[in-house]
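S.K.: Just to be clear, the model below is a prediction. Sequence and coordinates:
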Amino acid sequence: MRIHKKISFIITTVDSIKSTISLVNTFFYEASSFNFGYSHAEIHSKPSVYLPSNLRLKSDTLARESISNSLANTLTNISTPDFNQGYNPEFWPDFNHSVKPKSPSKQPKLKVMMLGLRGFPNVQGGVETHAEHLCPLLVSMGCEVEVIARSPYQPKQVGKYWQGVKLSPIWAPKSKGLEALAHTFIGVLYAAIKRPDILHIHAIGPAIMTPLARLLGLRVVVTHHGPDYNRQKWGFVARHILLLGEYFGMRFSNSRIVISKVIKELVLQKHLVHSELIRNGVKMPDTNFLPIHAHESLSKFGLISGKYVLLVSRLVPEKRHLDLINAFNKANLNGWKLVLVGASDHPDAYVQSIIQSVKSTPNVLMTGYLTGEPLKTLYANAGLFVLPSSHEGLSISLLEALSYGLPVLASDIPANLELGLPNSQYFGLGNVSELAQKLSTNTINPINHDLKSNLRHWVDYRYNWKGVAAQTVKEYQSALH
């Protein structure tokens, strides 16, 4: 009897291993078939190549996407207005009320648990900023929101609750390679005990634990913030773990959210599944209100209002700070300075190269990571914002710059082009000479007040957080059925 049980156990184990190997082989076969080396631009130039060869499946996929796109267009596909014609109030519907959720008192509490971010408030990172703005609005719409934060990053002074959101810090190793993986594994086990209605996983790295969450009986929504495997900081192993995370997150989740049309197309073509387009939002600042210590903040850095170029980002290779420093030096802007705001979670050789370049280039300074009034002051008084990055999902810092009515220059990667800004506000990725020329042009001819006002209304209309939250709640409800 014992021998029979041992043989049965061995056979079951071998079958499980075979199934796992088969799944991994399928993943890498599809990965090689898709060719992960393609850029987003190349993907868009060959839209039909990656659709399924089976005619019935291909027809069903196209029909489903056609219906989805027609529904999404009413909220998201809004063309850029002609700023030169001035602001016309009748042109802009009130986006704040375009999607009205039911009163929280008239619907049962929806228990939502978020995983995949370091924490908030005032924690550096696009996903973190996204969740910081989104979560309190979800609470106001009748959700019970609990965020599983990473204890090394979560500010201890914030406490267990912030604006109605419960914050639960859980241990995570402060290691670039293991941090997200280890924390998400523990977080999924925690969620399995707490049993939320929805487990909302952010980013494709943490999404690698989606099958485990589903196996434990959880309803999972995954937000794809961008193909992180394209980031320059990752090596071969980490890149393929991220690819596997995207595969598992998109194929095993109950519902998928993407923050740009580029990512939506990527998900359809690679994974043949529907995803809901819900763009990032931006909190509109009151430009009539100047922070109390604005003058002191500018004086601290030796800055004059309207006479500096600004970049706000983490210090990571894909942000391409060196391109901007070299272009600024080449442009030789009289009386202007370049301000780099941001820090690195894991300082490395790239950070050291920025520091050395700043030391050897006149009128360039680094402020470190800033938040609150100091950051608002820099946005409000900048003369120009530049984003030279090679990889973005949908840059929140770029949206924030636009919300202040700042003129911007951005690299011509698909994620930035999707904003639909005038061609004059884009430059070729890595083209230092073109960037230098456009720096000179934009600092000689500053944007006027009317154009700033028009730009701010356009941003508020298209990227309002209340609309984002309402769409997210709708997606939660869809995932439950």
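M.R.: Received, thanks.
S.K.: What is the neighbour count of Val386?
M.R.: 26 (other C-beta atoms under 10 Å). Where you see a C-beta, it was placed from the backbone N, CA and C, and this is true even at glycine.
S.K.: Mind jotting down where the strands sit in the stretch 101-250 of the chain?
M.R.: Along the stretch 101-250 of the chain, counting by DSSP state E, counting those that start in this stretch, strands occupy 110-115, 143-150, 161-162, 165-170, 198-202, 220-224.
S.K.: which residues are in contact with the first one?
M.R.: Read it as strand 110-115. For strand 110-115, the surrounding residues in contact (C-beta atoms under 8 Å, 6 or more residues apart in numbering) are 131, 135, 138, 142-148, 184, 187-188, 191, 194-202, 206, 473, 476-477.
S.K.: Pairing partners for that strand, with directions?
M.R.: Strand 110-115 pairs in its sheet with strand 143-150 (parallel), strand 198-202 (parallel), by DSSP bridges.
S.K.: I'd like those as TSV, with mean pLDDT appended.
M.R.: Listed next are these as TSV, based on pLDDT from 0 to 100:
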stretch	mean pLDDT
strand 143-150	97
strand 198-202	98
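S.K.: and those, which is most packed in?
M.R.: Across the strands paired with strand 110-115, averaging neighbours per residue (mean count of other C-beta atoms under 10 Å) puts strand 198-202 on top, at a mean of 28.
S.K.: Could you spell out the sheet neighbours of the helix or strand hosting Arg256, each with its direction?
M.R.: Applying DSSP states H and E as the criterion places Arg256 in strand 255-258. Neighbouring strands of strand 255-258 in its sheet, by DSSP bridges, are strand 220-224 (parallel), strand 276-277 (parallel).
S.K.: Export the strands paired with strand 110-115 as a markdown table, with columns for distance to Ile355.
M.R.: Output for those, formatted as a markdown table (distance: least, C-beta to C-beta, whole Å):
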| stretch | distance to Ile355 |
| --- | --- |
| strand 143-150 | 26 |
| strand 198-202 | 31 |
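S.K.: Quick one: closest of these to Val165.
M.R.: strand 143-150 (4.9 Å; C-beta to C-beta).
S.K.: got the contact list for that closest one?
M.R.: 109-115, 117-120, 131, 135, 138-139, 164-170, 172, 179, 183, 187, 190-191, 194, 196, 473, 476.
S.K.: residues contacting Pro347?
M.R.: Leu315.
S.K.: Looking at the strands paired with strand 110-115, spot the one closest to Ser390.
M.R.: Nearest of those (C-beta to C-beta): strand 198-202, 21.8 Å.
S.K.: how's this structure carved up into domains?
M.R.: 1-34, 40-77+108-281+465-479, 294-462 (automatic domain parsing).
S.K.: In contact with Lys438: list those residues for me.
M.R.: Leu409, Ser424, Phe427.
S.K.: among those residues, which ones are buried?
M.R.: Among these, those buried by neighbour count (16 or more other C-beta atoms under 10 Å) are Leu409, Phe427.
S.K.: right, so of the domains of the chain, which gets closest to Thr287?
M.R.: Using C-beta to C-beta, those put domain 294-462 closest to Thr287, at 6.4 Å.
S.K.: number of nearby residues for Leu178?
M.R.: Based on other C-beta under 10 Å, the number of other residues close to Leu178 is 12.
S.K.: Then the one 5 residues further on?
M.R.: Taking other C-beta under 10 Å as the criterion, the count of residues near His183 is 25.
S.K.: Assess the claim that it and Ala172 are in contact.
M.R.: Yes. With contacts counted by C-beta atoms under 8 Å, His183 reaches Ala172, the gap being 3.6 Å.
S.K.: hmm, back to that, and the strand holding Arg256, average pLDDT?
M.R.: For strand 255-258, mean pLDDT is 97.
S.K.: contacts for it?
M.R.: 220-224, 249-250, 264, 267, 273-278, 472, 475-476, 478-479.
S.K.: tell me the contacts of Ala192?
M.R.: Ala213, Leu216, Gly217, Leu218.
S.K.: 7 Å - rerun?
M.R.: When contacts are counted by C-beta atoms under 7 Å, 6 or more residues apart in numbering, Ala192 touches Leu216, Leu218.
S.K.: any idea how far it is from Lys166?
M.R.: 17 Å (C-beta to C-beta, to the nearest Å).
S.K.: now swap in His130 and tell me
M.R.: Distance from His130 to Lys166, by C-beta to C-beta: 18 Å.
S.K.: for Ser175, same thing?
M.R.: For Ser175, the distance to Lys166 - C-beta to C-beta - is 26 Å.
S.K.: Helices of the stretch 151-300 of the chain, start to end?
M.R.: 179-194, 210-215, 236-252, 261-271, 294-300 (DSSP state H, counting those that start in this stretch).
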